[in-house]
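Participant: give me a 3D structure for the following:
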Amino acid sequence: MTALLSSSCDVRDLFALDPSRTHLSPGAYGAVPYPALEAQQVWRQRAEADPHRFHRYELPQAVMAGRHAAADWLGLPHDSMALVTNVTEATSTLLASLELRAGDEIVLSNHGYGAVRLAVDAWCARAGIVLREAVVALDAGDEDVVAAYGEQLSERTRLVVVDQITSPTARMMPVAAVAQTARRTDAMVLVDAAHGPGHVAVDIEALGADAWVGNLHKWAFVSRGTAALWLASRWRERVRPLVLGWSATDGFPECFDARGTADMSAWMVVPDALRLWESLGGWSMVARNARLAEWGQHLVADSIGVSLDSTPATPAPAMRLVPLPDGVAADEVAAEDLYEALSADSVEVGVIAWGGRGWLRPGTQVFTTEEDHVHLAEALLRQLR
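Facilitator: Below is the predicted model:
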């Protein structure tokens with residue numbers, strides 16, 4: 001295949017990544033660059049230098065500054081967005097705020113994130129809620145996705161969850177069209193944008209959703225434990241944190257700012273991390289990552305002799321699926337075994353069992369090179385012999 005990039009300029013020096021390993025799963029836990037880690041440590045040292053004053057006066061201002069920086073970067077009004085730890089926390093928070101009753105219904109797709117599904121399952125079992133699943137084929141077009149959601153809606157629907165980018169299958173969903181279809185009910189439409197920030201550009205307020213939550217650590221270089229929760233105006237007085245503390249009587253979004261004595265330094269370095277994302281190229285960097293992701297997808301597929309015809313028609317920019325040969329990693333146990341084998345061969349990549357078949361889910365970030373995909377192909381061939 002034709003070389004796509006020059007690897008002469010290595011930005012890996014900005015990251016603590018082990019250079020002896022191949023890192024092709026940035027969408028799982030992200031990679032925090034040294035400047036963000038160093039800024040975070042400065043905040044921790046300031047907290048320890050004068051804990052009483054820091055927690056009473058400095059911390060609230062620093063958290064607010066981090067929240068405002070995230071809102072500005074996402075193009076949102078400051079009063080519309082709170083910081084939370086991740087999409088999983090936000091989902092449970094919203095479920096607790098909906099006052100669900102027995103017989104109410106929740107709709108999500110068969111591509112949804114496992115932890116979100118577990119939270120929904122728990123509420124269904126606890127309160128007698130009915131879970132309805134929109135079954136979407138991996139290669140379904142947008143119209144089919146919308147139709148699958150529409151078939152599951154009813155007058156009892158109270159929550160519709162749609163992924164901006166699906167985690168197990170790395171495909172884009174037609175969020176705005178699903179939200180428009182759901183408007184025939186009075187349901188809250190929640191966009192799970194765990195893989196969105198720093199990966200796809202979107203006008204959040206124009207989606208027609210009620211809630212949108214995206215992790216900032218996956219693709220935007222922010223420290224782990226940081227996510228943005230946007231709410232449409234009609235929900236801001238109804239949604240409150242799961243754990244109430246000194247900010248319990250404050251309005252949205254300030255009511256989410258206080259976390260007791262938790263280490264909130266990750267939220268304080270949001271401005272630093274987002275400046276680094278911009279300095280590394282911003283959306284130009286993402287476009288480069290997308291080109292490399294597609295190149296690597298084809299390289300690996302060609303190496304093991306599989307077709308990409310069954311992969312999503314609307315893939316995530318920097319995260320792609322590669323089908324494995326029939327019978328390889330086709331269930332969760334076998335997928336975990338293959339992951340462990342590749343990891344033992346110094347390659348970190350997502351191995352997914354979905355739809356009765358095994359898949360690889362390699363991703364690319366600014367530090368990813370062509371050689372990384374070559375290493376993956378070579379390691380995979382060793383396992384398939």
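Participant: next structured bit after the lengthiest helix in the chain?
Facilitator: The helix that spans the most residues within the chain, counting by DSSP state H, is helix 283-304. Next in sequence after helix 283-304, counting helices and strands by DSSP states H and E, comes strand 322-323.
Participant: pull out the buried positions in stretch 257-265.
Facilitator: Neighbour-count burial for stretch 257-265 flags 257-259, 264-265 (criterion: 16 or more other C-beta atoms under 10 Å). All C-beta atoms are positioned from the backbone trio N, CA, C, and that covers glycine.
Participant: and those residues, which two are furthest apart?
Facilitator: Largest separation among the buried residues of stretch 257-265 by C-beta to C-beta: A258 and S265, giving 14.9 Å.
Participant: just the CA coordinates of stretch 259-270, formatted as PDB?
Facilitator: Presented in PDB, the C-alpha positions along stretch 259-270 are these (Å, rounded to 0.1, in the frame of the first residue of the first chain):
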ATOM      1  CA  ARG A 259     -17.700  16.800  45.100                       C
ATOM      2  CA  GLY A 260     -16.700  17.000  48.700                       C
ATOM      3  CA  THR A 261     -13.100  16.000  49.200                       C
ATOM      4  CA  ALA A 262     -12.700  14.200  45.800                       C
ATOM      5  CA  ASP A 263      -9.700  15.000  43.700                       C
ATOM      6  CA  MET A 264     -11.100  17.300  41.100                       C
ATOM      7  CA  SER A 265      -7.800  18.300  39.500                       C
ATOM      8  CA  ALA A 266      -8.800  16.600  36.300                       C
ATOM      9  CA  TRP A 267     -11.600  19.200  35.800                       C
ATOM     10  CA  MET A 268      -9.200  22.000  36.600                       C
ATOM     11  CA  VAL A 269      -6.800  21.200  33.800                       C
ATOM     12  CA  VAL A 270      -9.600  21.100  31.100                       C
END
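Participant: contacts for that stretch next, please.
Facilitator: Residues outside stretch 259-270 that contact it (C-beta atoms under 8 Å, 6 or more residues apart in numbering): 36, 39-41, 43-44, 47, 55, 59, 62-63, 65-67, 69-70, 83, 216-217, 222-226, 243, 245.
Participant: filter those residues to the buried ones?
Facilitator: By 16+ other C-beta under 10 Å, these give 36, 39-40, 43, 47, 59, 62-63, 66-67, 69-70, 83, 216-217, 222-223, 225-226 as buried.
Participant: assumed V162 was part of a strand.
Facilitator: Yes. The assignment for V162 is a strand, going by DSSP: H, G, I helix; E, B strand; the rest coil.
Participant: ok, it touching A177?
Facilitator: No. With contacts counted by C-beta atoms under 8 Å, V162 stays clear of A177, the gap being 9.5 Å.
Participant: show me where pLDDT drops low in the protein?
Facilitator: 1-9 (pLDDT under 70).
Participant: would you map the strands across it?
Facilitator: Taking DSSP state E, the strands of the chain run over residues 22-23, 81-84, 105-109, 130-134, 157-163, 188-192, 211-215, 227-231, 322-323, 347-348, 350-354, 357-361.
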